[in-house]
Each structure stands twice: as structure tokens, then as C-alpha cells.
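J.: with the input below, show me the fold.
(2 chains)
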Protein chains: 2
Amino acid sequence: MSRFTTFDTDDVRFPTSLSLDGSDAMNPDPDYSAAYVRIGTDAADGMSGHGFVFTIGRGNDVQVAAIDLLRHHVLGRDVEEVLGDLGGFWRELVHDSQLRWLGPEKGIMHMAIGAVVNAAWDLRAKREGKPLWQLLASLSPEEIVDLVDFRYLSDALTRDEALEILHQAVAGRAEREADLLRTGYPAYTTTPGWLGYDDDKLARLCREAVAEGFTQIKLKVGADRRDDVRRLAIAREVVGPDIAIAVDANQRWDVAEAVDWMSELAPYDVAWIEEPTSPDDILGHAAIARGVAPIPVATGEHVANRVIFKQMLQAEALQVLQLDATRVAGVNENIAILLLAAKFGVRVCPHAGGVGLCEVVQHLSMFDLVAVSGSTEGRVVEFVDHLHEHFVTPVVISDGHYVTPTAPGSGAEMLEAALETYRHGSRG
Amino acid sequence: MSRFTTFDTDDVRFPTSLSLDGSDAMNPDPDYSAAYVRIGTDAADGMSGHGFVFTIGRGNDVQVAAIDLLRHHVLGRDVEEVLGDLGGFWRELVHDSQLRWLGPEKGIMHMAIGAVVNAAWDLRAKREGKPLWQLLASLSPEEIVDLVDFRYLSDALTRDEALEILHQAVAGRAEREADLLRTGYPAYTTTPGWLGYDDDKLARLCREAVAEGFTQIKLKVGADRRDDVRRLAIAREVVGPDIAIAVDANQRWDVAEAVDWMSELAPYDVAWIEEPTSPDDILGHAAIARGVAPIPVATGEHVANRVIFKQMLQAEALQVLQLDATRVAGVNENIAILLLAAKFGVRVCPHAGGVGLCEVVQHLSMFDLVAVSGSTEGRVVEFVDHLHEHFVTPVVISDGHYVTPTAPGSGAEMLEAALETYRHGSRG
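T.: Numbering: from 1, shown residues only, chains lettered A, B, ... in the order given. The predicted structure follows:
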């Protein structure tokens, strides 16, 4: 028997605002950061589990402090017991009543739970010698639904319905896994599209994206309508008619404004409009979706939890679901969200970028392909070429696809040198 | 000209779990706490502004740390400029893009903004020598709408519509204010209804509530169906047919369960069912409202922001809107919520209790009466008789009414002795 003996956190910040990487209509100067946690045990294998919350700078210290509040749920606990019942562990953390008050199930406290839950999954995957996607895809349908808390979901998805979805996907798991290992998972790139880049850089990066094999790119919009039209025209001309171009307003608009603004961008053949308004506005997204149809509405990177996603699906508010690896309470809640998407027949195209989001979120889409939806139809995982060099197992992109990772773990582990160099305060 | 020169925070916790005060189906052992902030200036008046976030124990330190993140928005700033444009101050805090990522507009970070915004209002009211309700009710319709950020609201409430609501209430302000000063504002009491109390204590407290002049009480439900029926029967027998009894499930149910459970409580003439399910579940509340009609659905104490409230109103998900003094980003956002409620013709019955929530929230209902809805029809402010003795201007209840406060300020200021005694760690 082994016990959890260490629980270490770090406030890690990269000075990305200096280059305007990551600049958009709501976030002009992000410093990509990670509120990072490592959990260790007294087992002879010396393995540790790593997780983090992605933030964009100020407040990363408070996010770290929220993770530290969960220390007593981990230290001293029986490792096999915790890792053997991660559904129970999730419920214990989310339903800690005093901490729940601080959300409930949203914001800093909920994301903190996600980091610890993800660290536990990272450790379990390493102990089982599998990449996270493969570990999840090796679980039985019953084991998978045991990971999910169906509280607040049962009017849209019951445990039995989830089981049925998973059972239907059992046939073909092996073939899809073999395909996945051979071809990887489709990606799209946001690298060309940041608002802070000038037109020449935009055109150059669009050209490079096509040359690298991407079949979809994404541009940030929403700050200035004429700039958007100009930039979209440049991008369309560079990439030609066969490459999809999505646009992302980062929550800048109200409902009527979104519909109106999009009418000017529609002629450039827009693959989706992402985050047109507040991520809390289910009914607003639904109204926008009706107003901009047939352009699909995409959202999710700031959707606080499975309850909001449930309603987005019930209200037909989104046609592209963009789950995020660190916004909700970790792997378990994202499995609930994948099951909801499958129930409603909506495609999942995860948000990534930031720090380490690509490394982690790819596992969720790969699990979805093998064991849940069984499909990559219309599905792409975001890719942004930032900061991968700081991870132990950085993503590899080839011909517009994520190369399927085979190293054990979730991908969350940062290099010791990166933690030391970018620990907040350590650069003066 | 004066400047903000101090910004002090405190982690204040009361050991309420020892007596099971405040126990309900989701919160078995709360330790009522305040993440407290005081802002001071170099003005000769020596006045300071006080605000806080109410929490229930663990994590109050992280809530304090989030408030501390806002220090640079206050220190060194021109006091008259900030207090003269509290709409601008609110936007500045809420749209701080790096901090916004931590919500957005929800949870720990959003509540932290509320504490600082409320402290600014407390100071402004003190400087103008008025209780907060009277200060707000003395503003012109134009000044009031300038306090509100209509972003994400315009599909339900425009600035012009808000102005019209306020202009219509200008006539009669003086009479309503005089009435309010004479009779106070109707209250209801939750004191009898905590789940941790035994049947004898429940009956005794119900009797006392009626004797004290309350015309409505509230019971916690949702942990055990048979217990609920028994406790409701006891309460109904003690108070008789003329006293309203509301019930509060504190988010315990899913949609179908709520409708089913309430069918057993309905025979006891239930005034409203509060928090039947997740506070994020707009569509779920709407389904429950249809299922339990004509019993009204009440919610709001955990509703994260004005965008969720907007949708609750659009979807007819609630018939009683329970705003909270410290859950959203302070006075400004609560004014937006009052305006939304007025637009949709929904009554507002604020959540209170905890630590200091009664002291602060009464001002919002009184402002609403004088300058927004112009009515107390069907409206009551929650009252719980806990911890008032720690405040400089504690609420006074008389014959089931909040006695209208006349002391300058928002009511948020705690006694120095209370801060010292209950500062976390100071009791070993």
C-alpha cells in the first residue's frame, strides 16, 4: 500500500504579453500562466501526478492558493484507493460544502479541483504505463459512467443513456485505436490569427499554415469591424477556397450586434463563429445561432461546468462544443461533457493553446474517438504553437494532425527547468 | 483632493458549525465567515469604506487573497473621481482582462470585485451622510443607468428601457420614502427552519416567529422526504393557515426529483420552493416552475451574475428573484438585476442571513421600493437572527419588518472588536 506524501504547487508565468502572442478582442495582453500542482507518493516507482490551471497572468497566485485548499483531500490518502475510484474522488472534492460555496462549481475553486483531479489522472496513467487517452479508452462502459456525477444532468442524460452510448461504441474500439495511432487526430491552427499581428504577419502565417498541412485556421475578430473584414479577406485570398476559416470574437458582442457583425463576415465563408457573447448566455447563443445560420456557433472554453453545457445543447445554442482541459473540474467532468455532446449529436472541437492545453486536451478527443462518439467527422482540436518546449512530452503536429501520444501520462508535466525559470518572482 | 491610502483585508470566521446554525441539505456545517475589506483615504474626515464577501468557512483566505488582487485599482486613486464615477470603477474592475479570465464574471474573482465595489459605496454613502438606500434613491434616472453595464443585457433590457422604468418611478419617490421611514420593509424569517434543529426547537421557533410579527417563515428541505413532510406539518400546525411557509432545498434535486418531491409538500400550502436545483440551470428551473405551478420558484443567492438572472427571467424560470448582497459584483450589478426584475415584472425577495447580509441587502430592497419597482407587493427580505451584534449598525427588526436604517453607510462595517476576536487564527 502506498500513500500520497507530497502536494506541491507552483505559480508559473510566461511573459507572452511582450510579443502580443495570444492577443484578442477581450484579452489584449495575456501573460500565459499555469497554477501548477504535483502530487507524489511513497511508492517505490517514484512517480508523480501533474496538473494545472491555465490563466493569463494576474491572479495566478490566487488560483494556486485555491489548489492548496485541496491539500487535505490528498495528503495521507491511500493511493490505490483514490486512483481506483476517481469518480468518488471527484464527488468528494466538488461536494466539499464549504469550498462549494465559493463557486458553486465555477470559477477559481472549480478550476482548482480540475487541476487536482487531472493530477490524479496523470499519475494513474503513468502507473498503468499508458497515455491518458488510451487508459480512458480501455475502461469498460460501466467504469466510465462511474466517473461521472449525473447530478443536474438527468433531465438531459441519464446514467443508462450514457451506458448505451458507450456500449454502442465498444464495437470498433480496436480498429479506431489502430487508425488513431497511425494517422493522429485532425488539428486546426490559431497561430495566424491573433489581433496583435499586422497584415503581413497574418498573410505569412496563413501561408505557412496551409504549407504545414492544416485544413482549417482561425482568426480573432470583434475589436473593429473594418479591420475584421480586411483581415478575413487577406486570409481568404491567401488560403484559397478549400481551407476552412473560423472566427473568434472572444465574447465581445451582445446578441443583435453579433448577428449584425457576422452578416459582414459571412461572405468570406466562415467555418464557425466562436464565443460571440457571454459564455453564460445560453439563450443569447441560441438566438445568435438562429440569426447567423447556417454558420455554426462554437463556444466552451469559458463555459463553467457541465450544467451550462447541458443547457447549451438543450437550447441548440451551439453547433460546435469547445471543451477545455482546465476550465471545468478535470477529466471526469469533461467525460460528462463528451457524453452530453454524443447524446445530442454535436461535434466536439476542443479549445487549446495557452500553456499546455494542447498537451492535455488531445487525450480527451482521442478518447472520444475510440470510446464515445467513434468519429472525427467535422472534429478538429485547436493547435497554437506556443510554449510546447516547456513540457516533458510536448505535442507533435504532423501534416495538420496531432500525432497520437504514446508516452504514459496526461501530457501535463512541465520540465523542471521551465518551472524553475518561470516560477513567478524568480525572474525578478 | 484626497486619495485612497489604505486597503486592508481580514479573514474573519465565526464558529457557527458548533451550533448547527445555518445547516441545510447541502451545507451541513458552515462556519459563517467574511472576507473583509476596508479602504481608507487621506481626507480629513477619517472615514473608511467597508465591504465583504460572505463565505461559509474554508477558502475564506483565498477569497481574501482575491480581494487583495484589486489593491492596485484603489490605492493612490483620486477619491472624488472614483466615487463620482462608480459605474466606470465597476467596468474597470470587471473588465480587467487578466483577472476576468478567472471567472469570467463568476465565483471568487467576481465576488471579490463585489466587496471592493461595495466598500466604495459604503464610503460614498458615509461621505454624503446618507444610508446607502437613500443615497441610491436620491440619484437621477440618468445617474442610475450610468452605474449599470448593459453589456450582455441589451437583448432583454436596454439603457433606454431602464431609463423609462426609472422615470416612471420618479413620481411618488417622496411619499414612498416617507412611508418606508415610518413602517420599514417587510421581512420573513428563516430562523426556525434549519435542518439541524430538532422538532421541539422547530415548533418553539415557529411560535416565536409568529409572536414577533412575522407573516412568513422558511424551512430547509431536501435531505429526507419523510422528515420534510413531518417538519412542514409541525410548522403548519404551529403557525396556522395565515402565515406563509416557504421551503428551501439548497440545490439538492434534479428536475424530475424536484417536481416529484414538491408534490408531497404542496398540500401544506407552500409559499415558494427555493433553490430546487443547480443555480446555473436556467432551463431546469423553468421546467420545475412549470411542474410545480402554481407554487412559485425562487432562486438567486448562488446565481453568479446578471447574465444568468437575465435568462432566468427570459425563460420564466423564477417567480421570486433572490438577489444577494455579496454574490455578484456589488451594488452596481444588483441595480442591473433590480432593473431586469422590474422589466419582467418579477418580485425581488433578497437572500440574507449569514454574516452581515441582512445589514447590506436591506438597502437594495429599500432603494428598489423608492426608485425602481415602487412596490412591496409580495416582497419580503429574508431575516436570520445571527451575528448582528458584530456590526456597527446592526439591523433592527420590529413587528416583522426591517426598521429603515438612517445611519450613513451601507451597513457593512463590523465592530473593531469583532474583527479582532474572530480574525482567523486569532482564536488558536
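
J.: spatially central residue for chain A, please.
T.: A:D324 (2.2 Å; C-alpha atoms, centre = their mean).

J.: list the contacts for that one?
T.: A:300-303, A:350-352, A:357, A:361 (C-beta atoms under 8 Å, 6 or more residues apart in numbering or on different chains). Any C-beta I mention is one placed from the backbone N, CA and C, and that applies to glycine too.

J.: so which of these also contact chain B?
T.: A:H302 (C-beta under 8 Å from any C-beta of the partner chain).

J.: show me the contacts of A:D324 that map onto helices.
T.: Judged by DSSP state H, the subset of the contacts of A:D324 located in helices is A:357, A:361.

J.: low-confidence stretches in the stretch 101-250 of chain A?
T.: The stretch 101-250 of chain A contains no residues with pLDDT under 70.

J.: and the residue of it found nearest chain B, how far is that from A:E275?
T.: Across the stretch 101-250 of chain A, the shortest distance to chain B (C-beta to the nearest C-beta) belongs to A:G107, at 2.0 Å. A:G107 sits 17 Å away from A:E275, going by C-beta to C-beta, to the nearest Å.

J.: please apply the same query to A:Q314.
T.: Taking C-beta to C-beta, one finds A:Q314 at 19 Å from A:E275.

J.: before we move on, what about A:R38?
T.: Taken as C-beta to C-beta, the span from A:R38 to A:E275 is 32 Å.

J.: what do you get for A:T6?
T.: 38 Å.

J.: those two: which is more packed in?
T.: A:E275 (28 against 12; other C-beta atoms under 10 Å in any protein chain shown).

J.: show me what contacts the more buried one?
T.: A:248-251, A:298-299, A:301-302.

J.: for A:A35, same thing?
T.: If you count contacts by C-beta under 8 Å, 6+ apart, then A:A35 has A:9-12, A:52-53, A:55, A:60, A:63-64, A:66-67, A:111-112, A:115 around it.

J.: ok, A:L93 next?
T.: Going by C-beta under 8 Å, 6+ apart, A:L93 touches A:70, A:73, A:99, A:113, A:116-117, A:329.

J.: restrict these to contacts with chain B.
T.: A:L99.

J.: what's the angle from the longest helix that chain A contains to helix B:107-127?
T.: In chain A, ranked by residue count with DSSP H as the criterion, the top helix is helix A:107-127. Taking axes from the mean of the first three to the mean of the last three C-alpha atoms, to 10 degrees, helix A:107-127 and helix B:107-127 form an angle of 160 degrees between their directions.

J.: helix or strand right after helix A:107-127?
T.: helix A:132-137 (DSSP states H and E).

J.: show me what that following helix is packed up against.
T.: Packing partners of helix A:132-137 (3 or more C-beta pairs under 8 Å, 6 or more residues apart in numbering or on different chains; DSSP states H and E): helix A:107-127, helix A:173-183, helix A:330-344, helix A:357-367.

J.: out of the ones you listed, flag the one nearest B:A178.
T.: Proximity to B:A178, assessed across those by C-beta to C-beta, is greatest for helix A:107-127 (42.5 Å).

J.: top of the contacts of A:E275 by number of neighbours, please.
T.: In those, the most neighbours by other C-beta under 10 Å go to A:T299, 31 neighbours.

J.: and it, how far is that from A:P192?
T.: 21 Å.

J.: ok, A:L147 next?
T.: To A:P192, A:L147 is 37 Å away according to C-beta to C-beta.

J.: close to chain B: what parts of the stretch 251-400 of chain A are there?
T.: A:251, A:254-256, A:277-284, A:287, A:302, A:304-305, A:307-308, A:310-311, A:314-315.

J.: buried members of the residues you listed into PyMOL, please.
T.: Restricted to buried positions by 16 or more other C-beta atoms under 10 Å in any protein chain shown, the PyMOL selection for those reads:
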select buried, chain A and resi 251+254+255+277+278+279+280+281+282+283+284+287+302+304+305+307+308+310+311+314+315
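
J.: ok, now which ones touch the closest residue to chain B within the stretch 301-428 of chain A?
T.: Distances between the stretch 301-428 of chain A and chain B by C-beta to the nearest C-beta are smallest at A:V307, namely 4.3 Å. A:V307 sits next to A:105, A:152-153, B:278, B:280-281, B:284 when contact means C-beta under 8 Å, 6+ apart.

J.: closest to B:T406 out of those?
T.: Nearest to B:T406 out of these is B:D280 (C-beta to C-beta; 38.5 Å).

J.: picking up where we left off before, against B:D42, how distant is the residue of the stretch 101-250 of chain A closest to chain B?
T.: 35 Å.

J.: more crowded one of those two?
T.: Shown here are A:G107 and B:D42; by other C-beta under 10 Å, A:G107 has more neighbours (27 against 12).

J.: find the nearest non-adjacent residue to the more buried one, please.
T.: The shortest distance from A:G107 to any non-neighbouring residue, by C-beta to C-beta, 6 or more residues apart in numbering or on different chains, is to B:G107 (2.0 Å).

J.: ok, which stretches of the stretch 251-400 of chain A are helices?
T.: According to DSSP state H, counting those that start in this stretch, the stretch 251-400 of chain A carries its helices in the segments A:255-265, A:282-292, A:306-314, A:330-344, A:357-367.

J.: if I look at A:I308, how far off is A:R231?
T.: From A:I308 across to A:R231, the span is 30 Å (C-beta to C-beta).

J.: for A:V370, same thing?
T.: To A:R231, A:V370 is 38 Å away according to C-beta to C-beta.

J.: also A:P241?
T.: For A:P241 relative to A:R231 (C-beta to C-beta), the value is 17 Å.

J.: swap in A:W90?
T.: Between A:W90 and A:R231 the distance is 42 Å, computed by C-beta to C-beta.

J.: most neighbours per residue, which of the helices of the stretch 251-400 of chain A?
T.: Comparing the helices of the stretch 251-400 of chain A by mean neighbour count (mean count of other C-beta atoms under 10 Å in any protein chain shown), helix A:357-367 comes out on top with a mean of 28.

J.: just checking, what packs against that one?
T.: Using 3+ C-beta pairs under 8 Å, 6+ apart, helix A:357-367 is in contact with helix A:132-137, strand A:185-193, helix A:330-344, strand A:381-383, strand A:401-402.

J.: now the helix or strand following the last one, how far from the centre of its chain.
T.: Following strand A:401-402 in sequence order, the next helix or strand is helix A:416-422 (DSSP H and E). Taking C-alpha atoms, centre = their mean, to the nearest Å, the mean C-alpha location of helix A:416-422 is offset from the chain mean by 23 Å.

J.: go on, stretch A:265-274?
T.: Counting by C-alpha atoms, centre = their mean, stretch A:265-274 comes out at 22 Å from the chain centroid.

J.: for it, could you pull out the residues that count as buried?
T.: Neighbour-count burial for stretch A:265-274 flags A:265, A:268, A:270-274 (criterion: 16+ other C-beta under 10 Å).

J.: from A:D96, how far off is A:A66?
T.: A:A66 is 12 Å from A:D96, by C-beta to C-beta.

J.: which of those two has more neighbours?
T.: Per other C-beta under 10 Å, whichever of A:A66 and A:D96 has more neighbours is A:A66, with 31 against 19.

J.: excluding covalently adjacent residues, which one is nearest to that one?
T.: A:A112 (3.7 Å).

J.: hmm, the one you found is touching A:N60, no?
T.: No: at 11.8 Å, A:A112 does not count as touching A:N60 under the criterion of C-beta atoms under 8 Å.

J.: higher neighbour count, the two?
T.: A:A112 (33 against 26).

J.: separation between the more buried one and A:H95?
T.: Separation of A:A112 from A:H95 (C-beta to C-beta): 14 Å.

J.: what does A:V259 give?
T.: According to C-beta to C-beta, A:V259 and A:H95 sit 40 Å apart.

J.: how about A:T393, what does it touch?
T.: A:359, A:405, A:407, A:409, A:411, A:413.

J.: how about 6 Å then?
T.: Neighbour list for A:T393: A:407, A:411 [criterion: C-beta atoms under 6 Å, 6 or more residues apart in numbering or on different chains].
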